[in-house]
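Sequence and predicted structure below; questions after.
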Amino acid sequence: MAMRRLRLYTEPECESVACATLPVAPTGVRVALGEVLPLLADAVASDRTWLKDFADEEIAVSPDLYDVLQAYRHFRRPGA
């Protein structure tokens, strides 16, 4: 089996004035929920330690998804 190597990407350094005036990249990345859910479900089921690193992270969800999640939380309570 071939050994996998970790490859890191670092941004190219730029010392020119033109680079200093470029807009800052957004802090978030937009992805489909369907792409993320299977990965998160597997990580939770596997009790991956790295999940704890992100436990306090905030995420943005649409208002309708928020409503569905709140309803699901309410109705999944024991005795509900």
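Great, that's in hand. All values derive from a computational prediction rather than experimental measurement. Numbers count the residues shown, from 1 in each chain.

Secondary structure element holding residue 8?
According to DSSP states H and E, residue 8 maps onto no helix or strand at all.

swap that for residue 74, sorry
Here residue 74, judged by DSSP H and E, is contained in helix 63-75.

Distance from the chain centre to that helix, please.
20 Å (CA atoms, centre = their mean, to the nearest Å).

tell me the mean pLDDT for it?
Helix 63-75 comes out with an average pLDDT of 93.

what comes up buried for it?
Using 16 or more other CB atoms under 10 Å as the test for burial, helix 63-75 gives no buried residues. Bear in mind the C-beta positions are built from the backbone N, C-alpha and C, glycine included.

so where is this structure shaky, pLDDT-wise?
1-2, 9, 11-26, 79-80 (pLDDT under 70).

Please list all residues in contact with residue 43.
50-51 (CB atoms under 8 Å, 6 or more residues apart in numbering).

element containing it, please.
Taking DSSP H and E as the definition, residue 43 sits inside helix 33-45.

Quick one: neighbours of the nearest residue to residue 44 once chain neighbours are set aside, just the number.
Excluding its sequence neighbours, the residue lying closest to residue 44 (CB to CB, 6 or more residues apart in numbering) is residue 51, at 6.7 Å. Residue 51 has 12 neighbouring residues, counting by other CB atoms under 10 Å.
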